[in-house]
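A.B. asks: kindly return the folded structure for what I paste below:
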Amino acid sequence: MNIGLIAHDNRKALMQNLCVAYHHILKRHTLLATGTTGRRIEEVTNLPIQKLLTGSFGEQQLCSQIDNNNIDMVIYLRDPDSRSMSNEPNLQNILRHCDANNIPVATNPATAEMLILGLDRGDLDWRKLYQDK
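C.D. replies: Sure thing, here's the model as predicted:
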């Protein structure tokens, strides 16, 4: 499965910790991440990450991958306390693309853990039907 990973600046360390904790599951899948998030994950996990561009350009690339059915799950750890309005439209854009294309998405660690554990159990195998189209 192809997993998209994005984290706001204040959540990058949390994304690193999540990827360390679930390394044994994530290593069996293809991981795509925006540039800085991907680099930070690689630094602590040695997981191979296909790095997209940094920031909003990477988010646009991820949306394109979602629309082309090349992403099966997205983990976007957002900072709920962020006062920056520049990140919010991009988050909304990714959520809209995920909703339009029936892609599971998590915006917090609790939901991300549920998706990762479900992935490991085979709960997301239905996505293979979309990949075969």
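A.B. asks: could you list the low-pLDDT ranges of the protein?
C.D. replies: Within the chain, the segments meeting pLDDT under 70 span 83-89, 132-133.
A.B. asks: and the strands in it, which stretches?
C.D. replies: Along the chain, the segments classed as strands by DSSP state E run 2-7, 30-33, 49-51, 73-77, 105-106.
A.B. asks: redo those strands as JSON lines? Include distance to residue 40.
C.D. replies: Placement of C-beta: from N, CA and C, glycine included. Formatted as JSON lines, the strands of the chain follow (distance: least, CB to CB, whole Å):
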{"stretch": "strand 2-7", "distance to residue 40": "8"}
{"stretch": "strand 30-33", "distance to residue 40": "9"}
{"stretch": "strand 49-51", "distance to residue 40": "9"}
{"stretch": "strand 73-77", "distance to residue 40": "12"}
{"stretch": "strand 105-106", "distance to residue 40": "18"}
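A.B. asks: how about the helices in the chain?
C.D. replies: For the chain, helices defined by DSSP state H occupy the ranges 12-21, 23-26, 35-45, 55-67, 88-100, 109-121, 127-131.
A.B. asks: adding mean neighbour count, write these out as CSV.
C.D. replies: Shown next, in CSV, are the helices of the chain (neighbours: other CB atoms under 10 Å):
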stretch, mean neighbour count
helix 12-21, 18
helix 23-26, 15
helix 35-45, 18
helix 55-67, 18
helix 88-100, 15
helix 109-121, 16
helix 127-131, 12
